[in-house]
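**Q** starting from these lines, generate the structure:
(3 chains)
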Amino acid sequence: MNRNKSGNAYALTMLCPIKPGVEGNRIYADLIRDQLESWNMASVSPMSLVPNTYLCRFFVLDDIYTESLPGAGIWDALSDIRLIPSNEQRLAALPHTDRLQSRYLVFTSNLHGDVDDYLHGMWQSIHVEINTIWKYCYGFENVNDEVSFVAYAKKCCLDTSLFFVGSNDDSLAAQLKALYVKQEFSRFAQETQDLSASQLRLAYTAFMQHIKPRDVEQPTWMAGSTHVDL
Amino acid sequence: MTKALDLCDIQGNVVRAYGRFGFPIARYLLLNVSNGWGGRAWLTEMIPYVTNSATWGTGPDDAKRPKATLNIAINHAGLSALELPLESLNSFSTEFSMGMKKRKDITGDVGASSPEHWDPVWNDDANHKAVHILLTLNAITPHALENQYQWVTEQIEGSKGAVTLLDGHRGPNGQLLPYQEAHIIFENGLPTSKEHFGYTDGIGDPYFEGIQDAPERVAGRGKQMSDGTWQPLATGEFLHGHLDEAKEYPPAAAPILLSRNGTYLVYRKLHQNVASFDTLLAREGATYPGGAELMAAKFVGRWRDNGAPLVNAHDATSKLQWDADFAKASVDEKDAMLSNFTYDDDMSGARCPLSGHMRRVNPRASLEIKAGTCPGQFLRNEGAFDTPGALANRRRILRRGLPYGDSAKRDTDQGDHGVIMMMLNADIGRQYEFVQQQWVNYGNDFREANDKDVILGNRSKHVPNSVIHQADPEGDAPPRFVRNIPLLVETRGGDYFFVPSLTALRLIARGLIDPT
Amino acid sequence: MSNIAGKAYAINVITPVRWWTAWVNKLIFWFALKVPKTLNGLLTLSLIHYARWVIIGKNEFPVLSADQPKEDLRYSYMLFFSNFNGSWEQYVDSFTFAIPSGLDMFWKWNIRYPKSVPLTPFHDYIRYNQIQTDHYYNAYPMASANDVKSAKKLHLALMDFDARLDTHATDDAFQKSFHKLLRDLQHDMSMMHHTPIVSMAAQSVQMRLVADRMRRQNKVEA
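**A** Residues are numbered from 1 along each chain as shown, chains lettered A, B, ... in the order given. This next block holds a predicted model:
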């Protein structure tokens, strides 16, 4: 059951196993992390170049840490019943500590539209950056173009059990344009509060010509921009 | 279930806003402790005179109403100076340990409110004159206040330097005083509960389990329930060592006897720019169909003259009716008229704007929002949350304090007048700081993006300085933008203090606190 | 590392689930989707851009190569990823104060989940199982989920208004209909700006980043 979709929004979750190699005295997982940190230092993320990315994140999963309260499963229940459980029973009742055999690069993206188109677009816009991150992953040595990237990605994809969309599933361009219009119209409404009816009408016409509400490409907010004129 | 509190153990300012109990004048003193042994000896002398919360009256179990009160609060540096064990010191909350100055980016004390502009008393750490202790004196008459003050200063002198009274509170005419004065504003010789912008203040106060207050006063002051009734808030929202709204004991300092029946006190001296306020009101009121007084009411949510809540008196006509009813009402009915209301029928903000000061600091159930049946309308989404006030119940604050200074001369912002706010809560981060940062200086929870509280919002040229006064979605009037709101309030000092119980004070004084 | 991008916070929580009850979780999620009323509280809180729950079976970790060792796990895992507005405390607290039963429903079958009330064990549960994000991207850091929703509404209303304009109407008639538009949009015209800081730690990291960037720029230009 494909629950990755909610309307036109899509939840992409990739778990990409990382090879255990070493380069320059550091393990691959740490090099990936390093690369991601360097993206944090840039003035805008490379992901801002990938069309239709609402919000996305990367992290390296080293292992499954379980720090929930001890106890689980049948031995736990049984040890509750027995008055004085033996030490073996008591220990068996503690949650088993799982260990992962590999580290994983986790990439989740909330995006608009078809996931294949998205992955194609991702390769087209930032395949150089993609390579710097993913080159340390199992199976990525076979990736050298859009098609092989999509095939690789599909193998790493997980199915979503519940995708909750709190805002909406419009295209990113539509969302950014709407935000631009909201900001500009709010400013306009304030500034024209005291105008006479005729002045208002003139101002309105000029305003609409300026913001071009039906032109989704521009003027608009830039993806990932942290600066907005007041 | 209500459990009787040990009122003899709780300091009096927690349960009472003295100003409303016939104590119209106050002095707030800041002290430094330079040696622990001497400081504790001084504290021992003071304790028998600390006012507790015992009921005043003439009955056999009642306490005699004093002519002047005395309460003590200590900040983190002060507890350290009194040589509280390190483990106990480290068990206080992060906010308290850091102190208000270091958290100015959260409280929004930037620009004109930045600590470098505060009264000198707060900025003298380098000369071993750091603020450690807050002593609050309230009195019935000036004579009683002066006596109390004399006695306190004598005790301080008697400590032979272990405890010093700090100078550096800015007073009228720019002089520096060894205390901060505060007093009720009188109009025509009669005491009022006004503050310097002209608003009737100090009406609401949270009603929590264990306070000895008339049960009907819970309406409007406690927490709003789904069936329309009101319940008292859990004691632990305001006092450590008692269960709070999350059904657990609020995180508090160890050991238990140190924190039980104590609470945190947020002290803030807020200067008020009366000239800017008057100008703003005159400018906006001139073009407002409802007139300047209605505009003023919209800034806060209550009419200035008598505190009538806008939700029940939303225009001049209904205000007249409200006034008439108020004049005929008994004391209890008056109280209900002022406090017992909800925003349920005003979710859109057409009566009390969503940016109104009162609504921002206590939204009641007005955050349970859903789109209405017509555009521009909000309705209450009943049943969406566990209880209607779920998002507000844990953000309540006890407000104490009084106005200071004189604002007869209103043509300048440089005068010496404002309000001393003392806010009491069990968790500074979850209560005071949250309200200040998310509801006063930001508007997302109200669906108002970055719009700030008109009165308290920190402003500069780098932020939006306007708010929207919503209109009746089914009426003819457009919403009103209030633009170019100037900075109306500036912080001039403050810190986070701990108000220990009497038990804790005694243990601190005897150096017996041991968290082992 | 950063869990913050403008007004949004990225939370990642991974918790073990008994493999033989994972299907119950999936069922509960399916139910929530079919009966939208279950998500009413979450929608009213209005703090979330996008959130997802992913259940990965103990044998379902991706295998990309013969060289890759197979995972040998006792438990299945529930992954929770959310993009929300406000601080961590505000988010977790809102869940607990406003929709505790909803929360319990989703996490109930996790190993030793402590229930969402009282608060502190729940806080601890989430915190201990939370993993820091290494890189977080937000296409509109200046906009909360409320802002994005409000923007769409305003944009559509404005275009509709414009399309219906009667060019022959008098100025007064125009103004009247414009006022109606403003009334309709009266909850959508607050302007957007930066977020309040989410924590002292995040604030210092931000300031240091800006300072470092400027220092590097100056070095380059020098």
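**Q** pull the number of nearby residues for B:Asp125.
**A** 12 (other CB atoms under 10 Å in any protein chain shown). For glycine as for every other residue, the C-beta is placed from the backbone atoms N, C-alpha and C.
**Q** repeat that for B:Thr279.
**A** The number of residues packed near B:Thr279 is 15, by other CB under 10 Å.
**Q** quick one: low-confidence residue ranges for chain C.
**A** Residue ranges of chain C with pLDDT under 70: C:100, C:102-118, C:220-222.
**Q** show me where it has its helices.
**A** Under the criterion DSSP state H, chain C contains helices at C:22-34, C:40-45, C:88-98, C:100-107, C:119-128, C:145-163, C:171-184, C:200-221.
**Q** want to throw those into CSV with distance to B:Thr94 and mean neighbour count?
**A** What follows is these, written out as CSV (distance: least, CB to CB, whole Å; neighbours: other CB atoms under 10 Å in any protein chain shown):
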stretch, distance to B:Thr94, mean neighbour count
helix C:22-34, 35, 16
helix C:40-45, 26, 21
helix C:88-98, 12, 21
helix C:100-107, 25, 18
helix C:119-128, 14, 18
helix C:145-163, 28, 20
helix C:171-184, 44, 17
helix C:200-221, 8, 11
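**Q** dump the ones you listed to JSON lines, plus distance to A:Val147.
**A** Shown next, in JSON lines, are these (distance: least, CB to CB, whole Å):
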{"stretch": "helix C:22-34", "distance to A:Val147": "32"}
{"stretch": "helix C:40-45", "distance to A:Val147": "39"}
{"stretch": "helix C:88-98", "distance to A:Val147": "40"}
{"stretch": "helix C:100-107", "distance to A:Val147": "38"}
{"stretch": "helix C:119-128", "distance to A:Val147": "40"}
{"stretch": "helix C:145-163", "distance to A:Val147": "33"}
{"stretch": "helix C:171-184", "distance to A:Val147": "48"}
{"stretch": "helix C:200-221", "distance to A:Val147": "38"}
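**Q** show me what contacts the residue in the stretch 51-200 of chain B positioned nearest to chain A?
**A** Using CB to the nearest CB, the single residue of the stretch 51-200 of chain B nearest to chain A is B:Gly111, 15.3 Å away. By CB atoms under 8 Å, 6 or more residues apart in numbering or on different chains, the contact list for B:Gly111 reads B:Asn458, B:Ser460, B:Leu487.
**Q** can you check A:Leu31 too?
**A** The contact partners of A:Leu31, taken as CB under 8 Å, 6+ apart, are A:Glu23, A:Gly24, A:Tyr136.
**Q** would you mark the buried spots in the helix or strand where it lies?
**A** Counting by DSSP states H and E, the element that carries A:Leu31 is helix A:28-41. Within helix A:28-41, the residues scored as buried using 16 or more other CB atoms under 10 Å in any protein chain shown are A:Tyr28, A:Ala29, A:Asp30, A:Leu31, A:Ile32, A:Arg33, A:Gln35, A:Leu36, A:Trp39, A:Asn40.
**Q** now it, how far from the centre of its chain.
**A** With CA atoms, centre = their mean, to the nearest Å as the basis, helix A:28-41 stands 16 Å off its chain's centre.
**Q** neighbouring strands for the following helix or strand past it, and are they parallel or not?
**A** Later in the chain than helix A:28-41, the nearest helix or strand by DSSP H and E is strand A:53-61. Paired neighbours of strand A:53-61 in the sheet (DSSP bridges): strand A:103-112 (antiparallel), strand C:135-138 (antiparallel).
**Q** hey, which of these is tucked in deepest?
**A** Stretch with highest mean neighbour count among the strands paired with strand A:53-61: strand C:135-138 (a mean of 26; mean count of other CB atoms under 10 Å in any protein chain shown).
**Q** for that strand, C-alpha coordinates in PDB please.
**A** As requested, the backbone C-alpha atoms of strand C:135-138 are provided in PDB (Å, rounded to 0.1, in the frame of the first residue of the first chain):
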ATOM      1  CA  HIS C 135      21.900  18.800   7.600                       C
ATOM      2  CA  TYR C 136      18.400  20.300   7.500                       C
ATOM      3  CA  TYR C 137      17.000  22.300   4.600                       C
ATOM      4  CA  ASN C 138      13.800  24.400   4.600                       C
END
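**Q** what residues does that strand touch?
**A** Counting by CB under 8 Å, 6+ apart, A:36-37, A:39-40, A:45, A:47-48, A:53, A:55-59, A:224, C:2-8, C:10, C:83 sit against strand C:135-138.
**Q** sorry, back to before: give me the buried entries from the contacts of A:Leu31.
**A** Neighbour counting by 16+ other CB under 10 Å classes A:Tyr136 among these as buried.
**Q** need the contacts of A:Leu31 in CSV (columns: secondary structure, distance to chain B and pLDDT).
**A** As requested, the contacts of A:Leu31 are arranged in CSV below (DSSP: H, G, I helix; E, B strand; the rest coil; distance: CB to the nearest CB, whole Å; pLDDT from 0 to 100):
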residue, secondary structure, distance to chain B, pLDDT
A:Glu23, strand, 40, 95
A:Gly24, coil, 39, 94
A:Tyr136, coil, 38, 97
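**Q** possible to save the contacts of A:Leu31 as TSV with distance to A:Asn110?
**A** Compiled in TSV, those are given as follows (distance: CB to CB, whole Å):
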residue	distance to A:Asn110
A:Glu23	32
A:Gly24	34
A:Tyr136	25
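**Q** okay, domains of chain A per the record?
**A** Domain segmentation of chain A under automatic domain parsing yields A:2-64+A:99-158, A:170-230.
**Q** out of these, which is closest to B:Pro251?
**A** Among the domains of chain A, domain A:2-64+A:99-158 comes nearest to B:Pro251, with 29.1 Å by CB to CB.
**Q** so how far is that closest one off the chain centroid?
**A** 9 Å.
**Q** just to revisit the earlier point, got the strands paired with strand A:53-61 as JSON lines, with distance to B:Met46 columns?
**A** Below are the strands paired with strand A:53-61 laid out as JSON lines (distance: least, CB to CB, whole Å):
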{"stretch": "strand A:103-112", "distance to B:Met46": "59"}
{"stretch": "strand C:135-138", "distance to B:Met46": "52"}
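**Q** coming back round to it: what would the helices of chain C look like in JSON lines with distance to chain B?
**A** As requested, these are arranged in JSON lines below (distance: least, CB to the nearest CB, whole Å):
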{"stretch": "helix C:22-34", "distance to chain B": "15"}
{"stretch": "helix C:40-45", "distance to chain B": "4"}
{"stretch": "helix C:88-98", "distance to chain B": "4"}
{"stretch": "helix C:100-107", "distance to chain B": "6"}
{"stretch": "helix C:119-128", "distance to chain B": "4"}
{"stretch": "helix C:145-163", "distance to chain B": "5"}
{"stretch": "helix C:171-184", "distance to chain B": "4"}
{"stretch": "helix C:200-221", "distance to chain B": "6"}
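**Q** mind checking the SS state of the closest residue to B:Ser339 other than its chain neighbours?
**A** Counting by CB to CB, 6 or more residues apart in numbering or on different chains, B:Ser339 lies nearest to B:Gly220, which is 3.8 Å off, once chain neighbours are set aside. Under DSSP: H, G, I helix; E, B strand; the rest coil, the three-state class of B:Gly220 is coil.
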